[in-house]
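Peer 1: Give me the fold of what follows.
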Amino acid sequence: MYSGMNTSYEYSFAPYAKERLKKEMDEKSQEAYGFYSIFGWLVWDQNIFDKKWWADFEMNLKNVNVDEFAMFFGKEEDDVEELLEYVPNAKKYIAILFKDWLKSVIIYENMKYNLNKTENKFINFNYSETLQKCFNVNEDKVYYIHGAIHKDDVLIFGHNAKGKYTQEDIDNATRMGGRLQTAVIFDALIEKVFNKFISKNCEKLDESKFIKYKNVRRVFVLGHSMNDVDFDYFVHIGTHIAFNAPEESQIEWIFTAYNEDDKTRIESYCEKFYVKNKIYRGPEAIDDVIKEYGLSIEEETKRS
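Peer 2: Down below sits the predicted model:
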């Protein structure tokens, strides 16, 4: 949004998804009906597509009415087998909607800053080429932790809920059968299929050697709300930076906060992990950070 892209959840993706779901249900799309059969009560009654923030949408992907669904779906073995297809297909449907919407988003190549300094590295939580097209950043300086639309990656999104069922719980419910079996298996599937698996994504980041943690002296968190849905990324990265930092060095973290809620979450993170920090507020926060810390080579580019 800072770059002028129409990527608001509330005003862009949500209306797009809601309109398309209704249209495809009117056209008797089996995929749309499959998604609606699981999330329909959220779509219309609890308004999963009427939330304000992306984090609310992602976390809501685990907030299904399990008991109501179990009553609707049935309890026979055939019902359970069908259930094993329903949940993954619902994920595929919303993933297609999400990818199609992302492809429609226009990136305005308005080069405000040149951030392609040698030492700058970027972990991108979004999916687009904004850094390359709007800030002149080379592709090899960007790591897409959730996948990239221009690379046709599998896009990662979803909740970060910790699993509440062990395999033993599922086995016990299966032995008991009936609607309990349906409810437990359904709930466990929602937890698994719609989870973004942050720990695995962090493992891939470390394996890529994209960040040399021992060389990090400053961390800039620009335009991120630090919501629970992504919080574990910052725990992982922050812990690894602190562990690998040279003795007696103090890593500085610089944040931008969109509102007071963001500021409170940032302060909580910094206090919990003993992070030296500076928080910028207001509509010009990102501009202020870039100018004050010399992230841009804009002036050098103008002079050359």
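
Peer 1: Would you check that my belief about Tyr127 contacting Asp152 is correct?
Peer 2: No: look at Tyr127 against Asp152 with Cβ atoms under 8 Å: they stay out of range, at 11.0 Å. Any C-beta I mention is one placed from the backbone N, CA and C, and that applies to glycine too.

Peer 1: name the helices or strands packed onto whichever strand or helix holds Leu97?
Peer 2: Using DSSP states H and E, Leu97 sits within helix 77-104. Of the remaining helices and strands, those touching helix 77-104 by 3 or more Cβ pairs under 8 Å, 6 or more residues apart in numbering; DSSP states H and E are helix 14-26, helix 30-40, helix 66-73, helix 178-193.

Peer 1: Run the angle between it and helix 66-73 for me.
Peer 2: Relative orientation of helix 77-104 and helix 66-73, computed by axes from the mean of the first three to the mean of the last three Cα atoms, to 10 degrees: 110 degrees.

Peer 1: following helix 77-104, which helix or strand shows up next?
Peer 2: Next element after helix 77-104 (DSSP H and E): strand 122-124.

Peer 1: For that next one, name the packing helices and strands.
Peer 2: Looks like strand 122-124 contacts helix 130-135, strand 142-144 (3+ Cβ pairs under 8 Å, 6+ apart).

Peer 1: okay, the ones you listed, which one's buried deepest?
Peer 2: Across the helices and strands packed on strand 122-124, averaging neighbours per residue (mean count of other Cβ atoms under 10 Å) puts helix 130-135 on top, at a mean of 20.

Peer 1: Looking at that one now, give me its mean pLDDT.
Peer 2: The pLDDT scores in helix 130-135 average 88.

Peer 1: Run the chain-centre distance for stretch 229-242.
Peer 2: With Cα atoms, centre = their mean, to the nearest Å as the basis, stretch 229-242 stands 14 Å off its chain's centre.

Peer 1: what mean pLDDT does that stretch have?
Peer 2: Here the average pLDDT along stretch 229-242 is 92.

Peer 1: Equivalent analysis for stretch 52-60, please.
Peer 2: Mean predicted lDDT for stretch 52-60 stands at 77.

Peer 1: Number the residues from 19 up from this point.
Peer 2: I'll keep to 19 as the first residue from here, and by that count the last item is stretch 70-78.

Peer 1: Tell me, how many residues neighbour Glu45?
Peer 2: 8 (other Cβ atoms under 10 Å).

Peer 1: returning to that earlier point: looking at Tyr145 and Asp170 now, which is surrounded by more residues?
Peer 2: Tyr145 (22 against 9).

Peer 1: what's the closest residue to that one other than its chain neighbours sitting at in phi/psi?
Peer 2: The shortest distance from Tyr145 to any residue other than its chain neighbours is 4.7 Å, reached at Ile167 (Cβ to Cβ, 6 or more residues apart in numbering). With angles defined as degrees, to the nearest 10, Ile167 sits at phi -70, psi -40.

Peer 1: who touches Ile167 in this structure?
Peer 2: Ile167 makes contact with Lys117, Leu120, Lys121, Tyr145, Ser146, Leu173, according to Cβ atoms under 8 Å, 6 or more residues apart in numbering.

Peer 1: Now rank the residues you listed by neighbours and give me the top one.
Peer 2: Tyr145 leads these on contacts (other Cβ under 10 Å) with 22 neighbours.

Peer 1: worst average pLDDT in the helices and strands packed on helix 95-122?
Peer 2: helix 84-91 (a mean of 70).

Peer 1: who does that one touch, helix- and strand-wise?
Peer 2: Against helix 84-91 (3+ Cβ pairs under 8 Å, 6+ apart) you get helix 95-122, helix 196-211.

Peer 1: Appreciated, that's everything.
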